[in-house]
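**Q** sequence and predicted structure, then a few things I'm wondering about:
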Amino acid sequence: MAGLLRDAVLLDAALRAAGHRLWRRPTRWLVPGDVLTIGVRVLPGLRLPVAVEVCAAGPEEVSAVVRSRPWRGARWSGRLVPTGTGTAIRDECGAGPLTRLLLRGLRTARAELLVEAAAAVATGAVVVATALVRDRTVLAARRTRPPALAGRWELAGGRVEAGESEGDAVVRECREELGCAVAPTGRVGTDLLIDAGVLRVHAAVLVDGSEPTALEHSALRWVGPDELEAVDWVDADRAVLPDLRALLAATPAAP
């Protein structure tokens, strides 16, 4: 559910249903520091541009703060609260005219869209990506296809095959794409609804003295925590940068 709250395509659809518009967004999935421009409908045919900065985008909370005057500093947060039947979203926001304008019809539209998207996550094909970690760095692979993504960097992976576990898919994909043996060590980040299905990132480490080779990519590079932002990641992998940074920080340094 946290991944859906960060999905700018879903946010745009909910805003449009409420009469507003999402005029500018950095990428599809939002991360802390991203600044959006929302056209808030103040009168029929008149929208006011409002800059909103994402403050948090984690597994339990997504929050943002307004950067435009005269409402600078107004905050909104959506907290994910487990219930007996699923997960509830608890909206918390400051009072004021902007809040009322933004929330007018937005909650209802968002709820309907979230139900549809959650069903797609539950039934969609699963695609795994591998955060292969070594010496507090993560492996990035440069894509060669399709043309729209060629030259950008990704975490290696692919679709989980029928009868295959996600961990087994990570091992197979790394063998096929990187020619190396790996051992999965756990999930990273939240589910992300992508065109091919549901993306799930798994951390992994090299085993048996393996060394990755670019079999299906044009280049490989090991990226440290201070270099993550400078890499031109594909949108879905950019969405897990905060999680990758935390993963690398928790990884023991090489002796």
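**A** Yep, it's here.
**Q** C-alpha only now, for contacts and for neighbours.
**A** OK.
**Q** pretty sure Trp23 is touching Val35, no?
**A** No: applying Cα atoms under 8 Å, one finds Trp23 not in contact with Val35, separated by 11.0 Å.
**Q** ok, those two, which is more surrounded?
**A** Val35 (20 against 14; other Cα atoms under 10 Å).
**Q** lowest-pLDDT helix or strand in the chain?
**A** Every helix and strand in the chain was compared by mean pLDDT, DSSP states H and E; the lowest is helix 97-103, with a mean of 67.
**Q** that helix: what's the following helix or strand?
**A** Reading on from helix 97-103 to the C-terminus, the next helix or strand found by DSSP states H and E is helix 106-123.
**Q** what kind of secondary structure is Leu248 in?
**A** For Leu248, the assignment made with DSSP: H, G, I helix; E, B strand; the rest coil gives helix.
**Q** now do the same contact list for it.
**A** Residues in contact with Leu248 (Cα atoms under 8 Å, 6 or more residues apart in numbering) are Val133, Arg136, Thr137, Val138, Gly224, Pro225.
**Q** neighbours of the closest residue to the fifth one other than its chain neighbours, how many?
**A** By that I understand Gly224. Spatial nearest neighbour of Gly224, chain neighbours left out: Thr137 (4.4 Å); criterion: Cα to Cα, 6 or more residues apart in numbering. By the measure other Cα under 10 Å, the count of residues near Thr137 is 24.
**Q** these two touch, right, Ala2 and Leu80?
**A** Yes: taking Cα under 8 Å as the definition, Ala2 is a contact partner of Leu80 at 7.4 Å.
**Q** now list whatever residues contact both of those two.
**A** Listed contacts common to Ala2 and Leu80 are Pro59, Glu60, Glu61; contacts here mean Cα under 8 Å, 6+ apart.
**Q** nearest to Leu46, of these?
**A** Here the nearest of the shared contacts of Ala2 and Leu80 to Leu46, counting by Cα to Cα, is Glu61; it sits at 31.5 Å.
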